[in-house]
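Visitor: could you look at this predicted model? Sequence included:
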Amino acid sequence: MKNIIHGGQAIVDSLQLHGVSRTYVVPGESYLSVLDGLYNADIQTIICRHEAACTYMADAHGKFTGQPGIAMVTRGPGAAQAYTGIHTAWQDGVPLILFIGLIPVADRDRESFQEFDPKQWFSSQCKRVFILDEVSRASEIVAKAFHAALEGRPGPVVVGLPEDIIQQEFHGQLHPVIPVAEGSICDDKLEVILNALSNAEKPLIFAGGQNWTTEASVQLTKFAEDNCIPVIHDWRASDRVTFNSPAHAGYLGYGRSDECAALIETADVLLTIGTVLGDVASDGYKLRQSFDKPNYIVNLDTSLRGHSGSVTAHIVSSPISFVKAMSKMSLANSASRETWFNYCHEQQRKDCAFPEKATETHHITDVAADQNYASMTQVIQQVTKQLPKDAVYSFGAGNHCLWAQRYLPTHTFPSQLSTRNGAMGYSLPSGIVAALESPERLSIVVTGDGEFMMNEAELSTSIRYDAPVLIILMDNQQFGTIRQHQEAHYPDRVSGTQLQNPDFAALANAFGAHGIRITSNNDIKASVTEAMQVVTEERKTVLLHVITDPEELMP
């Protein structure tokens, strides 16, 4: 006799069929049947403390693994709070599936408790919005959600689950996985690109986006090094070519150096792989906007959403497929190309070099006279001296990101998790994901006081699920990025950007982590050494509470 299951179980069984090993949830009575299905499933259920953190974790999972991160929340308020994670995945092009429990079908359009229209709310920020109105289609919709999240430019998909529908008996078959096309590169198109690179004196590869693997990163690095073609990275994507590779030419976007930004204007041929030259990378549609500049774009998105500037040729292929094909080819030697290659890497090395004399501890007139400070630059410098080579870094939005982006070395893909849409609160949730997915690697979270307090409750998630992270918290008692913009537009009129903070080290201890407070440069080495020992040997989450000068706005 066939075992009778409910719709919630069919959804969970379909998740397992698609290889899901972990899901991130904030529970709700609207999808109890799915939670019941997870009871005996071979899927780890990570219970989060806030819906934004839940979808951030799913987004980080998509970035880290290349497969859709799975988030589950309840209707109304839960869905509303998950929206910021959906916007993040939409702008970053990350595969994510958000399951939302909904009101019973019979209660629709009656202003029932926590009622909302998922398609009205989410359709502008999702690739697809599905509503399960027939239990027999439960597995089919899961399969289609996975396909939609992964095909073309990846992105988020929302699946609405009416409470009464998922309680009904499911009699159908599980829908098989729908294959996703990787795109392809034909010989003549590849020849066009290789000829353009060969004939260029100053070619440049611009790399980023999704659909990368460790192997593709290694292949790109080797091709770039062997053929003297520098690689500049998209914002928050500086792990496609290893940090110390002679092919590494830095990154574009906020916090980039003027010298690195000039490279993309100077290049006579630009090959973009996996991403597009969008708003942030182009400095607000200023860099490389002339239609006379050749731009060859490799991207699965047939619409090239977000691209600005010319399109000389568009190859519809994933970075994985394209780099594999390109890596089998070679270019003729060129003295001018080699000179350009060395020059580009020199700019990157200058940008990521620590200053000879780091910031000294000093006082500011508008705070207590006995307040001491530690230099964020010196803290990060000491951390880099003690790092394992395969460390993973996560950071969210704010001035603290500048230190992480500029100085922390990426030696393997993936090793940098961040949000490209400027969403705050991302750093800790994404760091937890890295610790869960690769427990053998050290997960380092770089955050600010404002950013951290958006999702500080996820400290309990880190502790509960044995996902130790090293948190470096820059406490300058302000929203530093906004303060910086404020000083530029309205000098000496600080308004609405100052914060009152707790003792973050004590807060970490209260959650069961290990808190260390740093108020002097003299304490940095010993504190970082202690932190490294606790997180790696004791496998315990550590928070370094770095009290910094409010005027130390940039590295």
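Guide: The structure has been received and is ready for your questions. Predicted model only: the values in this text are computed from it and were never measured.

Visitor: helix/strand/coil for residue 301?
Guide: Recorded secondary structure, residue 301: coil (DSSP: H, G, I helix; E, B strand; the rest coil).

Visitor: ok, it to residue 253 distance?
Guide: 19 Å (C-beta to C-beta, to the nearest Å). In this view, the C-beta of every residue, glycine as well, is placed from N, C-alpha and C.

Visitor: again, but for residue 423
Guide: For residue 423 relative to residue 253 (C-beta to C-beta), the value is 15 Å.

Visitor: and residue 455, by the same measure?
Guide: If you go by C-beta to C-beta, the gap between residue 455 and residue 253 works out to 23 Å.

Visitor: okay, these two: which has more neighbours?
Guide: Just comparing residue 455 and residue 253: by other C-beta atoms under 10 Å the higher neighbour count belongs to residue 455, 26 against 22.

Visitor: who's in contact with that one?
Guide: 49, 50, 52, 53, 56, 425, 426, 428, 429 (C-beta atoms under 8 Å, 6 or more residues apart in numbering).

Visitor: find the pair from those with maximum spatial separation.
Guide: 49 and 426 (14.7 Å; C-beta to C-beta).

Visitor: so which of the contacts of residue 455 comes closest to residue 219?
Guide: The closest of the contacts of residue 455, once distances to residue 219 are taken by C-beta to C-beta, is residue 426, at 29.1 Å.

Visitor: need the nearest residue in space to that closest one, chain neighbours excluded.
Guide: residue 396 (3.7 Å; C-beta to C-beta, 6 or more residues apart in numbering).

Visitor: that neighbour contacts residue 417, doesn't it?
Guide: No. Assessed by C-beta atoms under 8 Å, residue 396 is found out of contact with residue 417, at 9.7 Å.

Visitor: between those two, point out the one with more neighbours.
Guide: Here residue 396 and residue 417 are compared on neighbour count by other C-beta under 10 Å; more neighbours surround residue 396, at 31 against 27.

Visitor: got any ranges where the stretch 201-350 of the chain has weak pLDDT?
Guide: Counting by pLDDT under 70, the stretch 201-350 of the chain contains no low-confidence range.

Visitor: that older thread, and for residue 396 and residue 417, which residues touch both?
Guide: Common neighbours of residue 396 and residue 417 (C-beta under 8 Å, 6+ apart) are residue 430.

Visitor: hey, C-alpha coordinates of the lengthiest helix in the chain in PDB?
Guide: With secondary structure taken from DSSP state H, the chain has its longest helix at helix 335-352. In PDB, the C-alpha atoms belonging to helix 335-352 read as follows (Å, rounded to 0.1, in the frame of the first residue of the first chain):
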ATOM      1  CA  ALA A 335      55.700  43.000 -25.300                       C
ATOM      2  CA  SER A 336      53.200  45.900 -25.000                       C
ATOM      3  CA  ARG A 337      50.600  43.500 -23.400                       C
ATOM      4  CA  GLU A 338      53.200  42.300 -20.900                       C
ATOM      5  CA  THR A 339      54.000  45.900 -19.900                       C
ATOM      6  CA  TRP A 340      50.400  46.700 -19.500                       C
ATOM      7  CA  PHE A 341      49.900  43.500 -17.500                       C
ATOM      8  CA  ASN A 342      52.600  44.400 -15.000                       C
ATOM      9  CA  TYR A 343      51.400  48.000 -14.700                       C
ATOM     10  CA  CYS A 344      47.900  46.900 -13.800                       C
ATOM     11  CA  HIS A 345      49.000  44.500 -11.100                       C
ATOM     12  CA  GLU A 346      51.200  47.200  -9.700                       C
ATOM     13  CA  GLN A 347      48.200  49.400  -9.200                       C
ATOM     14  CA  GLN A 348      46.400  46.600  -7.300                       C
ATOM     15  CA  ARG A 349      49.500  46.000  -5.100                       C
ATOM     16  CA  LYS A 350      49.700  49.700  -4.200                       C
ATOM     17  CA  ASP A 351      46.000  49.900  -3.400                       C
ATOM     18  CA  CYS A 352      46.100  46.800  -1.000                       C
END
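
Visitor: how about the following helix or strand past it: buried residues?
Guide: Later in the chain than helix 335-352, the nearest helix or strand by DSSP states H and E is helix 376-385. Buried residues in helix 376-385, counted by 16 or more other C-beta atoms under 10 Å: 376, 377, 378, 379, 380, 381, 382, 383.

Visitor: again, but for stretch 306-319
Guide: Under the neighbour-count criterion of 16+ other C-beta under 10 Å, stretch 306-319 has 306, 307, 308, 309, 310, 312, 314, 315, 316, 317, 318, 319 buried.

Visitor: again, but for stretch 227-246
Guide: 227-243, 245-246.

Visitor: run the chain-centre distance for the one helix or strand residue 215 maps to.
Guide: Secondary-structure assignment from DSSP H and E places residue 215 in helix 214-226. Centroid separation between helix 214-226 and its chain, computed with C-alpha atoms, centre = their mean, to the nearest Å, is 21 Å.

Visitor: what of stretch 546-555?
Guide: For stretch 546-555, the distance to the chain centre is 24 Å (C-alpha atoms, centre = their mean).

Visitor: span of it from start to end?
Guide: In stretch 546-555, first residue to last residue: 15 Å (C-alpha to C-alpha, to the nearest Å).

Visitor: just stretch 28-42 next, same as before
Guide: 21 Å.

Visitor: after the helix-or-strand element of the chain with minimal mean pLDDT, heading C-terminal, what element do we hit next?
Guide: Across the helices and strands of the chain, mean confidence by mean pLDDT, DSSP states H and E is lowest for helix 480-489: a mean of 70. Going down the chain from helix 480-489, the next helix or strand is helix 504-511, by DSSP H and E.

Visitor: also compute the angle for the very next helix or strand once past that following helix relative to helix 376-385, please.
Guide: Beyond helix 504-511 on the C-terminal side, the first helix or strand identified by DSSP H and E is strand 514-518. Here the directions of strand 514-518 and helix 376-385 differ by 130 degrees (axes from the mean of the first three to the mean of the last three C-alpha atoms, to 10 degrees).

Visitor: which residues touch strand 514-518?
Guide: For strand 514-518, using C-beta under 8 Å, 6+ apart, the contacting residues are 374, 379, 503-509, 524, 527, 530-531, 534-535, 538, 540-547.

Visitor: show me which of these are buried.
Guide: 374, 379, 504-505, 507-508, 524, 527, 531, 534-535, 540-547.

Visitor: and the angle for the helix or strand containing residue 265 with helix 335-352?
Guide: Assigned by DSSP H and E, residue 265 falls within helix 258-266. Between helix 258-266 and helix 335-352, the angle comes out at 150 degrees (the same axes, to 10 degrees).

Visitor: after helix 258-266, next one along is what?
Guide: Following helix 258-266 in sequence, per DSSP H and E, is strand 269-273.

Visitor: what comes up buried for that next one?
Guide: Applying 16+ other C-beta under 10 Å to strand 269-273 flags 269, 270, 271, 272, 273 as buried.

Visitor: quick check: closest non-adjacent residue to residue 321.
Guide: Using C-beta to C-beta, 6+ apart, the closest residue to residue 321 is residue 182 (4.7 Å).

Visitor: count residues in the vicinity of the closest residue to residue 155 other than its chain neighbours, would you?
Guide: Among residues not flanking residue 155 along the chain, residue 127 sits closest, at 4.4 Å (C-beta to C-beta, 6+ apart). Around residue 127 there are 23 other residues, counting by other C-beta under 10 Å.

Visitor: all set, thanks.
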